[in-house]
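1. I'd like to go over a predicted model; first the sequence, then the structure.
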Amino acid sequence: MSWTDERVETLKKMWNEGQSASQIAKELGGVTRNAVIGKVHRLGLSNRVGGASGAATEEAAPAAAAAAPAAAAAEAPAEPAAPAEPEPEEEPAPPPSAARRAIIPAGQPLPPQPSQNEISPEALAKVSEVEKSAKKLSLMELTERTCKWPVGDPATSNFWFCGLPVQQGKPYCEAHVGVAFQPMSSRRDRKR
DNA sequence: CCCTGATTCGC
DNA sequence: GCGAATCAGG
């Protein structure tokens, strides 16, 4: 495989979108993430962050000015609609990343949690989909990086743990992270 | 161990 | 120019 104009274009686009080198490599096919990174450098569009490394992990929400009153806590009601993103891809939405947390000033009583419940149907669908291919691990088979999402009734023999590869830093796989933690603001956006 | 990007250097 | 190997870090 060579770096055709098209491929370079895709590379640029995805890199600017904040996609990881491995994701880009996967998308392009026929190249490794090293190749992608190498190309990125040669193209001179390397910078994206001040420091190196560790881009995968979520960024802790920067303690910004978001300390608005209760209203801020309401935030957006888990909006599934991605305004404009003509993605011909399979994946309707990239994994929700930044878990933004409204920072409540100390002393302020926590406002009653709004009805921000309702897990996005999207996430639920993903879960039921995933549970089919779950590894169905027993309690003792769980490791640091197996999804610990329980399935079934612990009182019966029909009980197991998901066991799929976990999302880094979290106890669950991507799908289960999706239902365990509310995305709140769906779209990816890195703050650095 | 999983992952990330950065750099080096033989090709 | 290319990218595997290596490095450095989360």
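-> Good, I have the coordinates. Numbering: from 1, shown residues only, chains lettered A, B, ... in the order given.
2. got phi/psi on A:Ser138?
-> Dihedral angles of A:Ser138 (phi, psi; degrees, to the nearest 10) stand at phi -90, psi 170.
3. lowest-confidence helix or strand of chain A?
-> helix A:70-74 (a mean of 36; mean pLDDT, DSSP states H and E).
4. and the helix or strand just after that one, what other elements does it pack with?
-> The C-terminal neighbour of helix A:70-74 among helices and strands, as given by DSSP states H and E, is helix A:121-132. Counting contacts by 3 or more CB pairs under 8 Å, 6 or more residues apart in numbering; DSSP states H and E, helix A:121-132 is packed against helix A:174-180. Backbone N, C-alpha and C define where each C-beta goes, glycine included.
5. list the buried residues in the helix it packs on.
-> Buried residues in helix A:174-180, counting neighbours by 16 or more other CB atoms under 10 Å, are found at A:174-179.
6. what mean pLDDT does that helix get?
-> On average, the pLDDT along helix A:174-180 is 82.
7. again with stretch A:154-170
-> Averaging pLDDT along stretch A:154-170 gives 83.
8. how far does that stretch stretch from start to finish?
-> 22 Å (CA to CA, to the nearest Å).
9. gap between A:Ala123 and DNA strand B?
-> From A:Ala123 over to DNA strand B the distance is 21 Å, taken as CB to the nearest atom of the strand, to the nearest Å.
10. and A:His41, by the same measure?
-> In terms of CB to the nearest atom of the strand, A:His41 sits 5 Å off from DNA strand B.
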